[in-house]
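K.L.:
missing the sequence, but the structure's below:
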């Protein structure tokens with residue numbers, strides 16, 4: 001639920017969490033009702049442009065690097081040699097841009113069900129779409145659940161599920177059937193990474209996700225918390241699931257020697273995110 005106050009504050013009210021978040025607005029830039037969801041764009045006073053989907057804050061100019069970097073680099077550097085990457089969702093294209101910073105990645109296919117999100121991003125977040133024309137990239141607008149169900153067995157190194165909350169178009173990305181499709185499509189040692197909501201506000205959902213990933217046969221999990229200023233509670237997470245073997249650290253030297261720039265992610269951040277906070281550890285111990 002959202003509300004644009006008379007004094008020009010956009011407020012997202014989260015009834016399920018008993019919380020609200022506001023950003024001060026200069027003006028509304030755009031609004032499109034797609035076949036799937038309503039996408040709105042605002043110009044804020046301090047966070048740049050802001051994308052709202054069905055009343056929920058999604059992306060702003062100022063802070064999107066936290067999310068996009070943590071949805072891409074930890075999984076890519078945890079894999080010994082990722083070549084083929086699939087992104088389910090990710091319509092704003094920021095995660096795609098981060099993945100394509102890795103020169104050894106040979107192909108990235110992004111499948112988002114709603115073309116309107118990418119059209120809005122091209123118009124209002126062109127910096128996030130800077131790599132859309134990279135020859136290694138394929139940007140599709142289709143059903144990501146069906147795409148994974150039809151994917152060839154053992155054909156993908158990394159699957160990134162950059163979707164919305166488990167409602168509406170994103171609902172089918174959080175269940176056993178989808179995780180089974182992902183497991184089958186990954187090569188041995190492949191990694192699935194999925195945004196896994198706020199560990200503070202949404203622990204039951206996070207635990208259900210982790211349990212489902214284990215149930216279908218993923219061998220090891222890591223849930224990495226990170227800041228996300230415009231989402232409920234300000235803390236978010238990404239959960240990595242590995243096929244066929246346990247996680248064995250990450251390519252720390254390659255992170256330190258990377259020739260591309262990041263705003264948040266580095267080897268220290270990666271190591272710190274692996275130090276699971278006690279409240280999360282206690283919750284996971286009961287799985």
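P.N.:
That came through, no problem. If you're wondering where the values come from, they're calculated on a predicted model, not measured in any experiment. Numbers count the residues shown, from 1 in each chain.
K.L.:
Tell me the spacing between residue 126 and residue 120.
P.N.:
Distance of residue 126 to residue 120, computed by Cβ to Cβ, to the nearest Å: 11 Å. C-beta coordinates here come from the backbone N, C-alpha and C atoms, glycine included.
K.L.:
Just give the number of residues close to the closest residue to residue 205 other than its chain neighbours.
P.N.:
Counting by Cβ to Cβ, 6 or more residues apart in numbering, residue 205 lies nearest to residue 197, which is 5.4 Å off, once chain neighbours are set aside. Neighbour count of residue 197, defined by other Cβ atoms under 10 Å: 24.
K.L.:
Then the one 3 residues further on?
P.N.:
If you count neighbours by other Cβ under 10 Å, residue 200 ends up with 18.
K.L.:
Run through the residues that contact the closest residue to it other than its chain neighbours.
P.N.:
Nearest non-adjacent residue to residue 200, counting by Cβ to Cβ, 6+ apart: residue 233, 4.6 Å away. Contacts for residue 233 (Cβ atoms under 8 Å, 6 or more residues apart in numbering) come out as 17, 19, 198, 200-201.
K.L.:
Hmm, residue 236 and the residue nearest to residue 205 touching each other?
P.N.:
Yes. Using Cβ atoms under 8 Å, residue 197 is in contact with residue 236, at 7.0 Å.
K.L.:
all strands for this protein, in order.
P.N.:
Assigned by DSSP state E, the strands in the chain fall at 2-4, 9-14, 19-33, 38-44, 49-53, 56-60, 84-89, 107-112, 137-141, 156-162, 186-195, 220-227, 235-242.
K.L.:
Compare the ones you listed and report which one is nearest to residue 270.
P.N.:
Smallest distance to residue 270 across those (Cβ to Cβ): 8.0 Å, for strand 220-227.
K.L.:
counting contacts, what elements does that closest one pack onto?
P.N.:
Helices and strands touching strand 220-227, by 3 or more Cβ pairs under 8 Å, 6 or more residues apart in numbering; DSSP states H and E, are helix 64-70, helix 203-216, strand 235-242, helix 267-274, helix 278-285.
K.L.:
so which of those gets nearest residue 114?
P.N.:
When the helices and strands packed on strand 220-227 are ranked by distance to residue 114, counting by Cβ to Cβ, first place goes to helix 64-70 at 17.8 Å.
K.L.:
Next, report how far stretch 186-204 is displaced from the centre of its chain.
P.N.:
Distance of stretch 186-204 from its chain centroid, counting by Cα atoms, centre = their mean, to the nearest Å, is 9 Å.
K.L.:
Please identify the buried residues of that stretch?
P.N.:
186-187, 189-203 (16 or more other Cβ atoms under 10 Å).
K.L.:
how far does that stretch stretch from start to finish?
P.N.:
27 Å (Cα to Cα, to the nearest Å).
K.L.:
tell me the mean pLDDT for that stretch?
P.N.:
Stretch 186-204 shows a mean pLDDT of 96.
K.L.:
The spatially most central residue of the chain - nearest residue in space that isn't next to it in sequence?
P.N.:
By Cα atoms, centre = their mean, the chain has its centre lying nearest to residue 162, at 3.3 Å. Leaving out its chain neighbours, the residue that sits closest to residue 162 by Cβ to Cβ, 6+ apart is residue 90, at 3.8 Å.
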